[in-house]
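>>> Here is the input, now give the coordinates:
(2 chains)
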Amino acid sequence: DAMVIQNPRYQVTQFGKPVTLSCSQTLNHNVMYWYQQKSSQAPKLLFHYYDKDFNNEADTPDNFQSRRPNTSFCFLDIRSPGLGDAAMYLCATSRDLRETQYFGPGTRLLVL
Amino acid sequence: TQLLEQSPQFLSIQEGENLTVYCNSSSVFSSLQWYRQEPGEGPVLLVTVVTGGEVKKLKRLTFQFGDARKDSSLHITAAQPGDTGLYLCAGRPRDNYGQNFVFGPGTRLSVLP
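The predicted structure is shown next:
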């Protein structure tokens, strides 16, 4: 029944070592989003894909990249994680840009 | 500045009490969503409100969208410990077509047994 799946749920990486987080969806939604959420804060949008079109938020650091090889999958790549990148990373999907978003369970990233 | 404000920021109550949390903006929203997020989990959608003045009920939860579509409230009747969590309102401002989905800072609710 899972609709938005994120793997792994917990990820530990070393300072500066590239890491990839994955998200998949069974909803066949057009839009997939990546959010960063730090402790006691609201989720912050990093970027989204509308189908194959990539849309970066203006304040998203270049260190964060994304790939969407097909409708179902979307990846978040952190090229050189810093200690400040430790956070919960949330994937969400929506049928269209103006419609309700559905979230996955998140991946908690720890940077050592 | 936050486009969506939520109040109170923190709320701790006893089981069985009623409570209301608020989500306010100076902007008009096409729709607003309410989510509940538990520690270590992603936000779970509770409801979407679309029409000004709309009231939706989900068991003990009552959601209202303001007539002007600038604010919303969530009322919980007879709160239970299972209602504990972070309540987030979110939505897309009507005049920011297609690009931004805004979250409020959340209300952290603790229901004590």
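>>> all contacts plus neighbour counts: C-alpha atoms, from now on.
Fine.
>>> Quick check: the residue of chain A nearest chain B.
Nearest residue of chain A to chain B (C-alpha to the nearest C-alpha) works out as residue A:105 at 4.1 Å.
>>> Can you tell me the SS state at the nearest residue to that residue once chain neighbours are set aside?
Of all residues not flanking residue A:105 in the chain, residue B:42 sits nearest, at 4.1 Å (C-alpha to C-alpha, 6 or more residues apart in numbering or on different chains). Secondary structure, DSSP: H, G, I helix; E, B strand; the rest coil: residue B:42 is coil.
>>> Assign the residue of chain A closest to chain B to helix, strand or coil.
At residue A:105 the chain is in coil, as set by three-state DSSP.
>>> what sits against it?
Residues near residue A:105 by C-alpha atoms under 8 Å, 6 or more residues apart in numbering or on different chains: A:4-6, A:9, A:90, B:40-43.
>>> Phi, psi for it please.
Main-chain torsions, residue A:105, degrees, to the nearest 10: phi -80, psi -10.
>>> Distance of it relative to residue A:9?
Per C-alpha to C-alpha, to the nearest Å, residue A:105 is found 8 Å from residue A:9.
>>> Spell out which residues of chain B are next to chain A.
Within chain B, the residues that sit near chain A (C-alpha under 8 Å from any C-alpha of the partner chain) are B:33, B:40-45, B:48, B:88, B:92, B:98-99, B:101, B:103-106.
>>> Among those residues, name the buried ones.
Buried subset of the residues of chain B next to chain A (neighbour count, 16 or more other C-alpha atoms under 10 Å in any protein chain shown): B:33, B:41-45, B:48, B:88, B:92, B:101, B:103-106.
>>> of all the residues you listed, which two lie farthest apart?
B:41 and B:92 (22.8 Å; C-alpha to C-alpha).
>>> Going by neighbour count, which residues of stretch B:4-22 are buried?
Applying 16+ other C-alpha under 10 Å to stretch B:4-22 flags B:4-7, B:13, B:15, B:19, B:21-22 as buried.
>>> Switch these over to TSV; also include secondary structure and pLDDT.
Output for those, formatted as TSV (DSSP: H, G, I helix; E, B strand; the rest coil; pLDDT from 0 to 100):
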residue	secondary structure	pLDDT
B:4	coil	90
B:5	strand	94
B:6	strand	96
B:7	strand	96
B:13	strand	97
B:15	coil	97
B:19	strand	97
B:21	strand	98
B:22	strand	97
